[in-house]
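**Q** Predicted model and sequence below, questions to follow.
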Amino acid sequence: MKNTKSLILVIIVALCLVSPAAPKTESDINAKVAQLDIDKATLDDVIRIFGEPTKYIWGKETFTKDNLPSRYIASYPDGFSVFMLNGQIAELRFAKPGAGYIFKNKLQIGSVLDKVLEVIGQPAQTVEGQPNKFEDGVLYKDIDGRKGHCFYESRKHGVAMWFVNDNVHELIIDRAQPTQGKE
């Protein structure tokens with residue numbers, strides 16, 4: 001019996017050493033995002049690349065694919081979602097480390113603000129303690145007086161980021177010119 005247990009343990013260790021590692025989530029999601037023309041893609045394109053969303057939501061409402069409003073979120077597991085507006089992508093959103101997306105091969109959920117500014121560039125203006133007005137090139141710090149809550153958007157780079165305690169909490173890839181829609 002003792003030899004059998006030892007043999008099983010040796011086999012398990014050997015399998016662990018020779019088994020190829022699972023593909024990295026980061027490369028998978030980055031490859032999928034690269035396939036998507038965010039300025040032209042429709043929901044069908046999103047589904048073709050990422051699969052069927054787990055749900056469609058807007059606010060507290062949930063929808064089926066057959067009754068979608070002009071604005072909704074197509075939600076996927078691991079903190080990835082797609083904001084759709086009038087049948088086209090408005091934003092790709094990554095809100096958990098498990099979403100795995102790496103912007104410009106340098107920035108991801110958890111990246112520090114200083115690194116973001118190094119990669120994206122310094123803001124044209126920094127506003128502290130005020131409401132977020134989502135202005136391009138403006139770094140909003142301590143939004144509404146909430147210490148550590150920040151937002152920075154660079155339309156030139158097509159990205160916006162929410163920060164908590166100077167770390168990227170949500171990374172958003174923006175469409176160049178989303179069409180306006182009704183709620």
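**A** Cool, the structure landed.
**Q** Could you list the domains of the chain?
**A** 22-101, 110-175 (automatic domain parsing).
**Q** weakest of the ones you listed in terms of mean pLDDT?
**A** Sorting the domains of the chain by mean pLDDT places domain 22-101 lowest, at a mean of 90.
**Q** what distance separates that domain from the centre of its chain?
**A** Relative to the centre of its chain, domain 22-101 is centred 9 Å away, using Cα atoms, centre = their mean, to the nearest Å.
**Q** Tabulate the domains of the chain in JSON lines, adding columns for mean neighbour count.
**A** For the C-beta atoms, the positions are set from N, CA and C on the backbone; glycine is no exception. Listed next are those as JSON lines, based on neighbours: other Cβ atoms under 10 Å:
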{"stretch": "domain 22-101", "mean neighbour count": "15"}
{"stretch": "domain 110-175", "mean neighbour count": "16"}
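**Q** ok, now which ones touch A41?
**A** By Cβ atoms under 8 Å, 6 or more residues apart in numbering, the contact set of A41 is 88-89.
**Q** Let me fix that, I meant to ask about I109.
**A** 79, 94-97, 99, 168-171.
**Q** Pipe those into JSON lines and attach secondary structure per row.
**A** JSON lines is the format used below for those (DSSP: H, G, I helix; E, B strand; the rest coil):
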{"residue": "G79", "secondary structure": "coil"}
{"residue": "F94", "secondary structure": "strand"}
{"residue": "A95", "secondary structure": "coil"}
{"residue": "K96", "secondary structure": "coil"}
{"residue": "P97", "secondary structure": "helix"}
{"residue": "A99", "secondary structure": "helix"}
{"residue": "V168", "secondary structure": "strand"}
{"residue": "H169", "secondary structure": "strand"}
{"residue": "E170", "secondary structure": "strand"}
{"residue": "L171", "secondary structure": "strand"}
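**Q** which one among the residues you listed gets closest to R155?
**A** L171 (14.9 Å; Cβ to Cβ).
**Q** Would you confirm that the closest one contacts K104?
**A** No - at 10.8 Å, L171 and K104 do not qualify as touching, with contact defined as Cβ atoms under 8 Å.
**Q** residue boundaries of the strands in the chain?
**A** Counting by DSSP state E, the chain has strands at residues 55-58, 61-63, 71-75, 80-85, 88-94, 125-128, 138-141, 149-154, 159-164, 167-174.
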